[in-house]
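Chemist: Predicted model and sequence below, questions to follow.
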Amino acid sequence: RAKANGKNCYHLFTPSLERIAVQRMSLETSLRKALESNALELYYQPKVCLHDIRPGMSTGHLHSFEALLRWPKSNGEFVSPESFIHIAEDAGMIGRIGFWILEQACTQAKEWYQQGYQANISINISPRQFLIPNFHLDIVRTINEIGIPTSLISVEITESLLMQDLTHARHVLEYFREHGIFIYLDDFGTGFSSLNYLKNLPVDAIKIDRTFVKDLSTSTADQAIAASIITLGKNLDMLIVAEGIETAEQADFLIRNGCDLAQGFYYGHPVSASDAEQFLHPDDLLHCNIAHRPAAK
Ligand code: C2E
Ligand code: MG
Ligand code: MG
Ligand code: MG
């Protein structure tokens, strides 16, 4: 249709491109303001232990939390992190936002720790953040400065981040491992999943992506994929986490196939720190027989 309009095609496209650029800039400006005015929030979603629950039970012992970033809009809804993390990356803000997330998570873990709960919190590391020089040193330093055991913080990384520079990735991940920071490989199976990563990197746990869990009760392909990832992870001495569990049927399949941990609306939505306290029980981490550090490889 643009072509049929001949010369006018520029008039057809330029304003909308401009509008996108303007929208992006104003989003960037408000994100910066949100960060400066401490308007961002960290939500927490439980990961539960599947070893000691029977099929059909929707409760499980808390294993740990995943921290998920929330940017509240004035109408009470949230801007999706998927739509603003990359803006933060492009605008060079991801270092500061990442640091804010880490400080927030450490402070929360400390508060719970002081109340007697050893609730591990995992934070998502964006690919661009991973490339900031010495960011791994900053993470460990911050945890130490806030004054909690490094074993209370975990990191979630994605395959896309590993692809960029495997040598650098290994160096950073080995540093985390030396300091007792648990490493999850997030969204497994959606990127360029290379078995080479699993072989060469000190990954502690694999998170089966939600896209494979969604149709687990009907799709034999998804069943085969999920079961195979579980077997693969087990043979490599890694923990397996399934994300996005919404139904009892999905949970049952994962339990029957030996999945270690589960995360999803079925067990608990991401919620504010005060709401997350409902998941804390003093003896949970004693009953949850999954330690944070699997047997040394
Ligand atoms: P992710 O790390 O894979 O996080 C899981 C996403 O799945 C979260 O979306 C969570 O709310 C959602 N989820 C959990 N259980 C269910 C379920 O049962 N059903 C459905 N439909 N969804 C479920 P969220 O919070 O919107 O985050 C999306 C992505 O944005 C995250 O994917 C992560 O890649 C990124 N993200 C979120 N928070 C942060 C952060 O603090 N830092 C960075 N760098 N990225 C973040
Ligand atoms: Mg994650
Ligand atoms: Mg994930
Ligand atoms: Mg995912």
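Modeler: Received, thanks. Residues are numbered from 1 along each chain as shown. Ligands and ions are numbered 1, 2, ... in the order given.

Chemist: report the longest helix in this structure, please.
Modeler: In the chain, taking DSSP state H as the definition, the longest helix is helix 9-36.

Chemist: can that one be found next to ligand 1?
Modeler: No - on the criterion CB under 6 Å from any ligand atom, helix 9-36 is out of touch with ligand 1, staying 12.2 Å away. For every residue, glycine as well, the C-beta is placed using N, CA and C.

Chemist: Make residue 1 into 22 and carry on from there
Modeler: Got it, first residue is 22 now, which makes that one helix 30-57.

Chemist: roughly how far out does that helix sit from the chain middle?
Modeler: Distance of helix 30-57 from its chain centroid, counting by CA atoms, centre = their mean, to the nearest Å, is 28 Å.

Chemist: Now the spatially most central residue of the chain: closest residue in space that isn't a chain neighbour?
Modeler: The centre of the chain sits closest to residue 145, judged by CA atoms, centre = their mean, with a distance of 4.3 Å. Nearest residue to residue 145, sequence neighbours excluded (CB to CB, 6 or more residues apart in numbering): residue 177, at 4.7 Å.

Chemist: per-residue confidence for residue 137?
Modeler: pLDDT, residue 137: 89.

Chemist: Quick check: the gap between it and residue 292.
Modeler: Look at residue 137 and residue 292: by CB to CB, to the nearest Å, they are 20 Å apart.

Chemist: same check, this time on residue 129
Modeler: 12 Å.

Chemist: any common contacting residues for the two?
Modeler: Counting by CB atoms under 8 Å, 6 or more residues apart in numbering, the common neighbours of residue 129 and residue 292 are residue 65.

Chemist: What about residue 226, how many residues nearby?
Modeler: Look at residue 226: counted by other CB atoms under 10 Å, it has 25 neighbours.

Chemist: interface residues of the stretch 122-271 of the chain facing ligand 3?
Modeler: 207, 208, 264 (CB under 5 Å from the ion).

Chemist: So for those, which is the shakiest by pLDDT?
Modeler: The minimum pLDDT among these falls on residue 208, with 92.

Chemist: quick one on the thing from earlier: more neighbours: residue 137 and residue 292, which one.
Modeler: residue 292 (17 against 8).

Chemist: show me what contacts that one?
Modeler: Counting by CB under 8 Å, 6+ apart, residue 292 makes contact with 64, 65, 66.
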